[in-house]
Structures are given as structure tokens and as C-alpha cells.
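A.B. asks: Provided below are the primary sequence and the corresponding predicted coordinates.
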Protein chains: 2
Amino acid sequence: MKAVVLSSGGLDSTTCLAISVDKLGSDNVSAVSIFYGQRHSKELECANNVARWYGVSHYEFDAGELMKFSDSALLNTSSKSLEKSDYAEQVEKNPRIATYVPFRNGLMISMAATFADGLYKDDNVKLYIGVHQDDAAINAYADCSKEFIDAMGEAVKIGTYGKIELVAPFVGKNKADIVKVGLDLKVPYELTRSCYERGDKPCGKCATCLDRAAAFAANGVKDPALEE
Amino acid sequence: MKAVVLSSGGLDSTTCLAISVDKLGSDNVSAVSIFYGQRHSKELECANNVARWYGVSHYEFDAGELMKFSDSALLNTSSKSLEKSDYAEQVEKNPRIATYVPFRNGLMISMAATFADGLYKDDNVKLYIGVHQDDAAINAYADCSKEFIDAMGEAVKIGTYGKIELVAPFVGKNKADIVKVGLDLKVPYELTRSCYERGDKPCGKCATCLDRAAAFAANGVKDPALEE
């Protein structure tokens, strides 16, 4: 059995990588990162560092061209400034929040499925993605919902003759649940980055910074990425 | 309402394009072609010519890098020679036939959904794909099945907040059915190409050439692409 893990260099996908390496061993796992023009390109540097830490092969692909007409606030071509509020507040104003990136998870899952099918000749390949419910009460992104993952999982299974299985261990969970799993697995969270902004240091104010801070607080630990 | 049509320059997708232009007018339709390293790169030239004929905008994207480890016989990096037999015979030997391209339709649908979401600000965008059942009795490709399209359609709908609807008018139909629709719509089939081989002229012997010839024969007409 082999695994391909979609890795953004963030907290969620790095914990996914930890789970897959724990189960299968680093020789049987590869990490895949998709660049799509995100404003926080430091992500990919983190993804590289994390892959090196775990000793897994790391592949990068560029899908930025597909976003050329998108006005998503998460793109580096965007002139929008990011909201300094949590997901719940943003979703209440507009369910399609400004940091929504067009069909992002569908695109990344499909790209990884295509690549994984060629990369591994095994009959059984797991494709991990770290989507989760950002908050217990809301689902900030449509393409992180259980319904979405179920549909994509079915498509991936059928479209690859059952070879590739989509695995999303954090569907329906929140970031605090993920950190709990990751702490048990000794995930090197100091190497990860979640912030939406461009700066070297996390801004501490965007929705994902707020979410991350709450997740570590809920587990009674400090975020090692914030330590000097 | 707007439409994006996945266009390969072949018979099926060109008929899809005809349907969408007939319904919405050429100003509201765009064609999208995905290069994935197919051995028959003349396809994209045909896709260009067809888009020009219909007066629709045409966008091309390259996903070839994702296929770099694939051994699909349809790729220009493949050393395999193509089988000179019809789909039914090939599927009987191995359901995952040699010209299967890893998760091709899933990838192309996802890429087009991402692009279409950025391209059009409308709430209602149709995404057309010309998948069909190559033969009344068999389904040559898993990623052309009704089950696959249903799952991808659901994922696209959920993942884009209902903005994009996947439309596959030929699911469950065969190529003869498609030609019938296309003849009514006066599709310029002389501009299209279906052959899997590299040559300038269709080989007449690969599975898709055999399928295409049978489709025109069933409609009692000559394939205009074969005329001098």
C-alpha cells in the first residue's frame, strides 16, 4: 500500500502526513503540493521542510494559470485586503467567503489522483487530504464538507478503477481535534505555517491564525511556530 | 447563463460545443482545452479551429507534468504501440485499457470548474463534457460512466456553492447518437479529429477510428473528415 498526501505546509496537512507515515512508513508515502498563486507562498517552503523532516518524496505542481480571472482574496494577484475576523462572522455575511478559492480542493484532489495513479503501480493507493470543519458550528468552506469529500471520493474511486481511495481523516473535526492527534504523533508544528498573509511571521489576526491559536489553546499548549 | 465546454477537437466535444452555442449563443460560451501530453497533439489544433468556427473564446491549459510517471499508451512519452482492435475486445482482456489516462476526466472537469468559476461572475454556469458510452454494450472508460459523472457533478455543485453545473448530454449514449444530434446542428465535423495516432490523417484502425466510422455509417453518411 502507498499513500500520497496533499501537503500545504500547514497544520492540517502536516498532521495528515504524520498519520500516513505512522501507518505506512516514509518509503511508502509521497507529499504533493499544489501552487495556485496563493498570496502566502511561504507555505510551499514549509511543505518542503516538512517533507524533508519526514523523509518523504515531495512533488510540486503549478495550477496558478487556472486562477487568472479569479478574484479570490487568497491569491497573490488580489487587491483585496483580508478580513480580520473569524470564519463564523464571515460566513454569516456571505457563505462564499472572500478567501474561497475556486473549486480548490476538487482541483487539488484531482491533480493528486492523476499524479498518484502514474507514480505508484500498486493496486491500493490512499490519497490523504486534511480538510476539516474550521469551527464546531460552521463549515467555512463548501469544499471541506463531508458531502463534498464523499462525492469526490466516489469520483476518485470510480475514475481510477478502485485504485485510489480518498482519505480525509479530519472531516467534521475541528482544528483542536487535529492538534490533539498531532501532538500524540509529535508533529513538528514549528515547521508549519497557516497564516493567510504574506509576512514572514503569522499575522495573528486572519481567520486561520485565530483558528490555529484557539486549537493550541484548547490543547493547553503553546503554538511552537510562534516561539522565538 | 454562461457555459464552458471541454473541447478536445474531437467529434463528441465539438457536438457539445454546438449544443451549448445553439442554446446560449457564442458570446456566452467559452471552450477550454487541456493538454496532458496526448500523443495526438493535432487534437488541440482542431480544438482551435472549431472554436474559431463557432466564434467562441478558447483557453488552453497544460497538465502534462502530472502524467510524468504514467505509462498510458495515449501519452506521447509512451513506447507502447496502440492496439488495433475495438474497445469491446480490449475491455474483455483488461477493463483498465491501455489508452486509459489517469483520472483524465476528473482532472479536466476540475480544471475547467476552477477556471470557469473565475472567468464568469454569473450565478449559473454550465460545464459541458462530451463523455459517452463508446459502445452500446460496454463502457470503455470508467471515467465516462454515469456513476462517475454523477459523483463529479455532485462534487462540482457542492464545491462551487451551486454555481457550476456539470452537464454531460451524451452519458449512456453512443457515438452514433452523438453524430445524429450533430448532423441536425450542422456540426463542422470536417474540422474534428478523433484518431489516437500521431499521423496527419486518421489511421482508420485504432478503437476510436473504428467507433467513429461506425457512428457515421449508422447515420448513413460519410465522415467528412475522411474526404479529400
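C.D. replies: Done, it's in.

A.B. asks: and the worst-scoring helix or strand of chain A on mean pLDDT, what does it pack onto?
C.D. replies: The weakest-scoring helix or strand in chain A, judged by mean pLDDT, DSSP states H and E, is helix A:87-93 (a mean of 78). Secondary-structure packing of helix A:87-93 (3 or more C-beta pairs under 8 Å, 6 or more residues apart in numbering or on different chains; DSSP states H and E): helix A:207-218. In short, each C-beta sits where N, CA and C put it, glycine included.

A.B. asks: buried residues, the helix it packs on. List them.
C.D. replies: A:Ala207, A:Thr208, A:Cys209, A:Leu210, A:Asp211, A:Arg212, A:Ala213, A:Ala214, A:Ala215, A:Phe216 (16 or more other C-beta atoms under 10 Å in any protein chain shown).

A.B. asks: follow-up on the earlier one: helices and strands around whichever helix or strand comes after the least confident helix or strand of chain A, which ones?
C.D. replies: Using DSSP states H and E, the next helix or strand after helix A:87-93 towards the C-terminus is helix A:104-119. In terms of contacts (3+ C-beta pairs under 8 Å, 6+ apart), helix A:104-119 is packed against strand A:2-6, strand A:29-35, strand A:57-62, strand A:125-128, helix A:146-159, strand A:164-167, helix B:104-119, helix B:146-159.

A.B. asks: export the fourth one as PDB, just CAs?
C.D. replies: It stands for strand A:125-128. Once non-C-alpha atoms are left out, strand A:125-128 reads as follows in PDB (Å, rounded to 0.1, in the frame of the first residue of the first chain):
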ATOM      1  CA  VAL A 125      -3.200   4.000  -3.000                       C
ATOM      2  CA  LYS A 126      -4.500   6.200  -0.300                       C
ATOM      3  CA  LEU A 127      -4.900   9.900  -1.100                       C
ATOM      4  CA  TYR A 128      -4.900  12.000   2.100                       C
END
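
A.B. asks: distance of the closest residue to A:Gln90 other than its chain neighbours from B:Gly118?
C.D. replies: Nearest residue to A:Gln90, sequence neighbours excluded (C-beta to C-beta, 6 or more residues apart in numbering or on different chains): A:Ile97, at 4.5 Å. Distance from A:Ile97 to B:Gly118, counting by C-beta to C-beta, to the nearest Å: 16 Å.

A.B. asks: and for A:Ser30?
C.D. replies: Distance from A:Ser30 to B:Gly118, counting by C-beta to C-beta: 29 Å.

A.B. asks: between those two, tell me which one has more neighbours.
C.D. replies: Taking other C-beta atoms under 10 Å in any protein chain shown, A:Ser30 and B:Gly118 do not tie; A:Ser30 has more neighbours (24 against 18).

A.B. asks: neighbours around the closest residue in space to that one that isn't next to it in sequence, how many?
C.D. replies: The shortest distance from A:Ser30 to any residue other than its chain neighbours is 4.5 Å, reached at A:Ser57 (C-beta to C-beta, 6+ apart). Per other C-beta under 10 Å, the neighbour tally for A:Ser57 reads 13.

A.B. asks: so who does A:Ser57 touch?
C.D. replies: By C-beta atoms under 8 Å, 6 or more residues apart in numbering or on different chains, A:Ser57 lies in contact with A:Ser30, A:Ala31, A:Ala51.

A.B. asks: let's see it at 10 Å
C.D. replies: Neighbour list for A:Ser57: A:Val4, A:Ser26, A:Asp27, A:Val29, A:Ser30, A:Ala31, A:Val32, A:Ala51, A:Leu119 [criterion: C-beta atoms under 10 Å, 6 or more residues apart in numbering or on different chains].
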